[in-house]
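1. the amino acid sequence is not available; the structure is as follows:
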């Protein structure tokens, strides 16, 4: 299985790639524009794990482009993001990973 990881946080993306590479063929890019360029030429990914909140080209921008240009590939997207949640009077916040499937996504066979 080929997995593409897209995240502007290089340390996180690199760590995810190392973990996933134990089981599948994983690639990582840290820029939405770079991801779109890659996906224009290589649509052989089984799963695309994409950060929603990235500068310039967001995860939703990538998804919307794929819906128009490669609809089958858009159905293989898995979105992730880290949300900062307020933590009461201590003035601290907790990084809370959120992972969800789009309403159109299915796990590849």
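-> Received, thanks. Predicted, not measured: the structure shown is a model, and the values here were computed from it. Numbering: from 1, shown residues only.
2. you'd agree residue 8 is in a strand?
-> No - under DSSP: H, G, I helix; E, B strand; the rest coil, residue 8 sits outside any strand and is assigned coil.
3. list the contacts for the closest residue to it other than its chain neighbours?
-> Spatially, and ignoring its direct neighbours in sequence, residue 8 is nearest to residue 54 (4.3 Å; C-beta to C-beta, 6 or more residues apart in numbering). From N, CA and C alone the C-beta is placed, and that goes for glycine too. Counting by C-beta atoms under 8 Å, 6 or more residues apart in numbering, residue 54 touches 6, 7, 8, 31, 32.
4. cool, and residue 23?
-> Contacts of residue 23 (C-beta under 8 Å, 6+ apart): residue 1.
5. what about it, distance to residue 17?
-> Here residue 23 is placed at a distance of 12 Å from residue 17 (C-beta to C-beta, to the nearest Å).
6. and for residue 40?
-> As judged by C-beta to C-beta, residue 40 and residue 17 stand 21 Å apart.
7. looking at these two, which is more packed in?
-> residue 17 (18 against 12; other C-beta atoms under 10 Å).
8. ok, then the element right after the host helix or strand of that one?
-> Applying DSSP states H and E as the criterion places residue 17 in helix 10-20. Once the chain leaves helix 10-20, the next helix or strand it forms, by DSSP H and E, is strand 25-29.
9. just the element for the residue nearest the centre of the chain, please.
-> Among the residues of the chain, residue 50 comes closest to the average C-alpha position under C-alpha atoms, centre = their mean, at 0.8 Å. Assigned by DSSP H and E, residue 50 belongs to strand 47-51.
10. in that strand, which residues are buried?
-> Neighbour-count burial for strand 47-51 flags 47, 48, 49, 50, 51 (criterion: 16 or more other C-beta atoms under 10 Å).
11. make TSV out of these and add pLDDT and distance to residue 69.
-> Converted to TSV, the buried residues of strand 47-51 look like this (pLDDT from 0 to 100; distance: C-beta to C-beta, whole Å):
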residue	pLDDT	distance to residue 69
47	94	18
48	95	14
49	94	19
50	93	15
51	91	20
